[in-house]
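S.K.: Turn this into a model:
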Amino acid sequence: MRFLLSLAMLAGAALAVPALAQDAPAAAASSAKAAKPKKICRADTSLGSVMPRYVCHSKEEWASIDKANQSAADGALNGAGPSLKGPGT
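M.R.: Numbering: from 1, shown residues only. I've put the predicted structure just below:
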């Protein structure tokens with residue numbers, strides 16, 4: 001009985017292979033149309049936490065985030081940011 005069941009499954013698989021081979025180019029074409037941008041993940045360590053949190057964005061999103069961070073850092077170094085001096089100094 002097991003042998004017949006195995007034989008039937010093998011025959012079904014053999015019949016399905018040509019059908020899958022015919023659908024492969026159509027599936028590749030549809031996946032090329034809806035290709036999502038590749039995500040790049042970076043570890044973000046929070047103050048007071050040992051475990052990093054991973055943040056994922058596309059290459060273009062990371063470029064704009066890095067540009068905004070660099071602009072904020074330049075502003076802080078040039079005195080445009082909050083003052084590090086005390087109120088009476």
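
S.K.: Any stretches of the protein with poor pLDDT?
M.R.: For the chain, the stretches with pLDDT under 70 are 1-34, 80-89.

S.K.: which residue ranges form the helices in it?
M.R.: Under the criterion DSSP state H, the chain carries helices at the ranges 2-33, 59-77.

S.K.: The last one packs against which elements?
M.R.: The criterion is 3 or more CB pairs under 8 Å, 6 or more residues apart in numbering; DSSP states H and E, and the helices and strands that helix 59-77 contacts are strand 39-44. The C-beta positions use only the backbone N, C-alpha and C, and glycine is treated the same way.

S.K.: Pull the residues that contact stretch 40-57.
M.R.: For stretch 40-57, the external contacting residues (CB atoms under 8 Å, 6 or more residues apart in numbering) are 39, 58-59, 62, 65.

S.K.: if you set the cut-off to 6 Å instead, what comes out?
M.R.: Outside stretch 40-57, the residues that touch it by CB atoms under 6 Å, 6 or more residues apart in numbering are 39, 62.

S.K.: can you give me the end-to-end distance of that stretch?
M.R.: 6 Å (CA to CA, to the nearest Å).

S.K.: Stretch 35-45 too?
M.R.: Stretch 35-45 end-to-end distance (CA to CA) = 31 Å.
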